[in-house]
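Asker: Please find the sequence and the predicted model below.
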Amino acid sequence: MTAAITTQAAEAQKPKSHRFAKLMRNGAGAVGLCIVLLIVLLGVLSFFGLMPYDPLAQDASARMQAPSAAHWLGTDQFGRDQLSRVAAGIVNSLMVAVVATVISAVVGIGLGVLAGYLRGVFDVIVGAVSNVLFAFPSLLLALTLASVLARNWFTVSIAVAVVFVPIFIRVARGPVLALREVEYVNAAKATGMGPLAIVWRHILPNISNIVIVQLTLSLSWAVLTEASLSYLGLGTPPPSPSLGSMVLESQTLVTIAPWLLVGPGIALVLLIIGLNLLGDGLSDVLDVTREDR
């Protein structure tokens with residue numbers, strides 16, 4: 001275990017360009033990164049108002065038009081451009097997923113690191129809370145929280161974040177239990193360094209690889225959870241478009257306007273697949289037990 005930790009510390013000292021080169025040589029990682037960048041680029045264009053149409057603007061004269069040069073993904077029953085709505089839906093879905101993942105990571109990693117390092121009563125309490133949260137199916141827990149909280153994108157983010165907090169607790173706590181016994185941590189204790197300083201300078205840098213991989217995978221789960229909540233009517237409220245709610249709205253019209261389902265469905269699938277492939281690639285690249293490729 002000590003050798004693996006030492007290898008991980010040495011790996012952390014390598015330049016970021018080296019890791020990026022390894023990621024681009026990794027098939028899954030390279031494909032996942034390209035997919036995510038393309039989806040994010042579409043969302044960025046929508047965020048800065050660079051899409052050809054306003055996603056909320058209605059045009060009765062353009063209702064239910066099939067894909068064409070003017071509307072690449074067609075229009076919906078209100079004459080709204082479907083491509084612009086898909087791009088706006090990507091923004092909303094990513095905004096909820098990113099905020100939820102950041103909140104769950106900060107809370108979960110903080111609790112997991114402190115529980116693993118301090119042990120004792122604090123570790124028991126954190127472990128009990130995480131076990132209680134794990135006892136609930138993730139989607140059911142998110143549905144319960146989303147139905148209780150007021151409906152807006154931030155409360156949806158909170159509902160999704162609570163689901164992933166125990167995952168980050170366990171991801172962080174396990175490695176810290178081993179790291180707290182290594183020689184350089186004991187040496188830091190002997191010099192009088194406080195627990196928080198030791199955690200900041202010696203513990204967190206050595207679990208960063210694991211955290212990065214978990215962040216990427218949690219993003220894909222958060223996107224799927226947000227889409228599920230929106231599909232069930234508990235996500236970001238209208239008129240703001242969401243990929244999950246767009247899939248729901250298109251179901252009643254799929255027989256006469258199948259293009260309404262194609263856009264948000266493909267965007268959602270590609271985003272989840274891209275994030276998962278990127279997570280798998282990062283897992284291989286940052287795995288210090290593998291030989292350097």
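Answerer: Received the coordinates, thanks. Residues are numbered from 1 along each chain as shown.
Asker: Give me the spatial nearest neighbour of Val86, chain neighbours excluded.
Answerer: Closest residue to Val86 apart from its sequence neighbours, by Cβ to Cβ, 6 or more residues apart in numbering: Gly263 at 4.4 Å. Every C-beta, even on glycine, is put in place using the N, C-alpha and C of the backbone.
Asker: So which residue is dead centre in the chain?
Answerer: The centroid of the chain falls nearest to Leu219 when counting by Cα atoms, centre = their mean (1.1 Å).
Asker: How far does whatever helix or strand Val86 lives in sit from its chain's centre?
Answerer: Taking DSSP states H and E as the definition, Val86 sits inside helix 82-118. Put simply, helix 82-118 sits 5 Å off its chain's centre (Cα atoms, centre = their mean, to the nearest Å).
Asker: for Arg63, what are its contacts?
Answerer: Thr75, Asp76, Gln77, Phe78, Gly79 (Cβ atoms under 8 Å, 6 or more residues apart in numbering).
Asker: and Leu234, how far is that from Met64?
Answerer: Distance, Leu234 to Met64, using Cβ to Cβ, to the nearest Å: 28 Å.
Asker: When the two are compared, which one has more neighbours?
Answerer: Taking neighbours as other Cβ atoms under 10 Å, Leu234 and Met64 compare with Leu234 leading, 23 against 15.
Asker: which ones are touching that one?
Answerer: By Cβ under 8 Å, 6+ apart, the contact list for Leu234 reads Leu143, Ala146, Ser147, Arg151, Val156.
Asker: for Pro67, what are its contacts?
Answerer: Contacts for Pro67 (Cβ under 8 Å, 6+ apart) come out as Leu73, Gly74, Trp259.
Asker: Return the subset of the residues you listed lying in helices.
Answerer: Applying DSSP state H to those, the entries found in helices are Trp259.
Asker: okay if I get the contacts of Pro67 as a markdown table plus pLDDT and neighbour count?
Answerer: Converted to a markdown table, the contacts of Pro67 look like this (pLDDT from 0 to 100; neighbours: other Cβ atoms under 10 Å):
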| residue | pLDDT | neighbour count |
| --- | --- | --- |
| Leu73 | 92 | 22 |
| Gly74 | 91 | 21 |
| Trp259 | 89 | 20 |
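Asker: could you dump the contacts of Pro67 to JSON lines with distance to Ile212?
Answerer: Converted to JSON lines, those look like this (distance: Cβ to Cβ, whole Å):
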{"residue": "Leu73", "distance to Ile212": "34"}
{"residue": "Gly74", "distance to Ile212": "39"}
{"residue": "Trp259", "distance to Ile212": "37"}
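Asker: Closest one to Tyr117 out of the contacts of Pro67, please.
Answerer: Nearest to Tyr117 among those: Leu73, at 51.0 Å, using Cβ to Cβ.
Asker: picking that back up, can you tell me which of the contacts of Arg63 is closest to Asp59?
Answerer: Nearest to Asp59 among those is Gly79, at 3.5 Å by Cβ to Cβ.
Asker: Now for that closest one, how many residues are close by?
Answerer: Number of residues near Gly79 (other Cβ under 10 Å) recorded here: 17.
Asker: which residue packs closest to Leu139, ignoring adjacent ones?
Answerer: Using Cβ to Cβ, 6+ apart, the closest residue to Leu139 is Ser228 (5.9 Å).
Asker: who's in contact with the one you found?
Answerer: Contacts of Ser228 (Cβ under 8 Å, 6+ apart): Leu139, Ala142, Gly244.
Asker: Of those residues, which belong to helices?
Answerer: Among the contacts of Ser228, the members found in helices (DSSP H) are Leu139, Ala142, Gly244.
Asker: tell me the contacts of the second one?
Answerer: If a contact means Cβ under 8 Å, 6+ apart, then Ala142 has Ala159, Val160, Val162, Val163, Thr225, Ser228, Leu229 as its contacts.
Asker: Tell me how far it lies from Thr225.
Answerer: 6 Å.
Asker: Now the common contact residues for the two.
Answerer: Common contacts of Ala142 and Thr225 (Cβ under 8 Å, 6+ apart): Val160, Val163.
Asker: quick one on the thing from earlier: how distant is the helix or strand encompassing the residue nearest to the centre of the chain from the center of its chain?
Answerer: Assigned by DSSP H and E, Leu219 falls within helix 208-231. Mean-position distance between helix 208-231 and its chain equals 3 Å (Cα atoms, centre = their mean).
Asker: Can you check what angle separates it from helix 82-118?
Answerer: 130 degrees (axes from the mean of the first three to the mean of the last three Cα atoms, to 10 degrees).
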